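Participant: with the input below, show me the fold.
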Amino acid sequence: MKNILLPTALLAAAAIVPAFAATPTSGEAQNQPAPKTEMSIAALQQMQKTIVNDEPILEELHLDAGWLEDLPPDEQFRDIAGAINKTFTTQQDRRNAIGKVFGEAYVDTMAGTLESPEATKNVENMLGEAHKLFLSYENRNDVVDWGWGDAWGFTVTPNVGTLGIGIQVGYEFNKYFKVRAHYATGELDTTVKLSDTNIDLEWKNRDNMGLFFDWHPRASQFRVTAGLIKMDPRIRVSAKYHGTSYAYDATGAGAQYDVYSEYNMNGDWDNEFCPYLGIGWSTDGGQKRTLYFSIDLGLAYLGEGNYKESGAPHFYKNGVAFDPNNPYASLGEIDAVSTLQQFDGNVRDAVTKVADFLNDMYVYPVIQIGGGIRF
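Facilitator: Numbering: from 1, shown residues only. Okay, the predicted model is just below:
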């Protein structure tokens with residue numbers, strides 16, 4: 001919508017100018033001369049720039065630039081004129097606001113119009129008629145320039161998240177569509193101790209690359225993203241358990257029973273090229289912004305997982321390898337070994353459940369947060 005006002009203002013200029021002069025006004029507005037054609041066009045063009053650039057005056061008027069930009073030009077003019085008259089009570093404040101919206105050179109041209117409800121309505125009607133004419137030519141590229149090829153700039157965005165530490169380079173075709181190329185790499189290795197169990201978790205997602213296509217509805221900062229990511233994420237879990245128990249036979253002789261076990265979980269997913277769908281938010285939509293914040297939330301389709309658990313326990317009696325399945329000399333020995341087998345089984349089951357969860361996950365969560373520069 002960013003170029004709608006310009007061609008409609010040009011088309012309507014001949015009709016607008018006589019309307020200014022013909023409309024009866026009251027008070028000071030009666031003494032305002034009819035604005036010249038070129039001044040009227042220039043003022044309306046400046047209004048368009050104010051909206052596109054999201055100038056601070058719009059915030060003072062409590063107007064949202066993205067919302068205004070999707071309106072036809074007559075409604076843009078009506079809302080801005082109404083907001084100026086509603087927000088500012090003194091003539092000087094209104095003139096200052098008019099200068100910020102329409103340009104300082106056109107304060108006198110527009111002040112008389114905005115001070116007269118009849119003149120304001122007349123301009124609104126003329127812009128509406130011009131917009132209808134504009135729409136009738138919407139498929140005529142030689143008449144209407146939609147601006148789809150206008151370059152709004154390149155973006156460079158360092159970021160961090162579940163894809164690793166990365167960087168994205170993007171190009172904005174306009175305030176609606178953008179393409180981004182992505183590269184990231186990540187690796188994490190940490191150990192957690194739970195009672196007699198050491199759990200080592202290793203995550204790798206090295207050298208993943210992607211291509212994203214963004215659409216900003218209503219030219220807002222919110223975006224919907226589709227793309228493709230080439231990646232091979234790996235997750236490895238190693239759980240080491242060491243348990244000790246004591247037992248005594250009928251003669252009172254004691255024995256120490258130990259179990260050392262280690263279970264490993266390794267695997268991958270079917271897809272190396274993963275379709276991606278997500279949403280995001282970035283502050284890089286304004287023409288004047290150079291630094292911005294960005295966040296992506298989405299899912300990459302991995303396919304079915306191929307994770308498996310492996311490992312086994314090793315039992316010892318007084319430091320000598322011991323087969324827990326042999327007949328036991330006493331009930332005490334049976335209880336001691338059964339206790340160790342139970343705890344070993346708990347560790348094995350936990351690792352197996354992690355593998356089962358990853359096999360059924362199918363999608364990889366993507367959360368990337370970054371900040372960059374636009375030029």
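Participant: what is the burial count for residue 76?
Facilitator: As a burial measure, residue 76 scores 25 neighbours (other CB atoms under 10 Å). Glycine gets a C-beta too; all of them are placed from N, C-alpha and C.
Participant: apologies, that question was intended for residue 183.
Facilitator: Quick note: residue 183 (other CB under 10 Å) scores 15 neighbours.
Participant: the helix or strand harbouring it packs against which elements?
Facilitator: Using DSSP states H and E, residue 183 sits within strand 177-194. Strand 177-194 is packed against strand 153-161, strand 164-172, strand 197-215, strand 222-230, with contacts defined by 3 or more CB pairs under 8 Å, 6 or more residues apart in numbering; DSSP states H and E.
Participant: with mean pLDDT and distance to residue 49 as new columns, can those be given to me in TSV?
Facilitator: Converted to TSV, the helices and strands packed on strand 177-194 look like this (pLDDT from 0 to 100; distance: least, CB to CB, whole Å):
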stretch	mean pLDDT	distance to residue 49
strand 153-161	91	16
strand 164-172	93	18
strand 197-215	94	24
strand 222-230	95	24
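Participant: for the closest residue in space to residue 87 that isn't next to it in sequence, what are its contacts?
Facilitator: Distance criterion CB to CB, 6 or more residues apart in numbering; nearest residue to residue 87, sequence neighbours excluded, is residue 61 at 5.5 Å. Counting by CB atoms under 8 Å, 6 or more residues apart in numbering, residue 61 touches 80, 83, 84, 87, 97.
Participant: let me see the contact set for the most centrally placed residue in the chain.
Facilitator: Nearest to the mean C-alpha position of the chain, by CA atoms, centre = their mean, lies residue 280 at 1.5 Å. Going by CB under 8 Å, 6+ apart, residue 280 touches 214, 222, 223, 225, 294, 295, 296, 297, 298.
Participant: and it, how far is that from residue 168?
Facilitator: Between residue 280 and residue 168 the computed distance is 11 Å (CB to CB, to the nearest Å).
Participant: and residue 54, by the same measure?
Facilitator: The value you get for residue 54 to residue 168, if CB to CB is used, is 23 Å.
Participant: separation between residue 292 and residue 375?
Facilitator: 11 Å.
Participant: any idea how far residue 244 is from residue 298?
Facilitator: 48 Å.
Participant: neighbour count winner among these two?
Facilitator: The residue with more neighbours, out of residue 298 and residue 244, is residue 298; 21 against 12, by other CB under 10 Å.
Participant: any idea which element that one lies in?
Facilitator: Taking DSSP H and E as the criterion, residue 298 maps to strand 291-301.
Participant: just checking: what are the partner strands of that strand?
Facilitator: strand 273-282 (antiparallel), strand 363-374 (antiparallel) (DSSP bridges).
Participant: redo those strands as TSV? Include mean pLDDT.
Facilitator: As requested, the strands paired with strand 291-301 are exported to TSV (pLDDT from 0 to 100):
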stretch	mean pLDDT
strand 273-282	95
strand 363-374	92
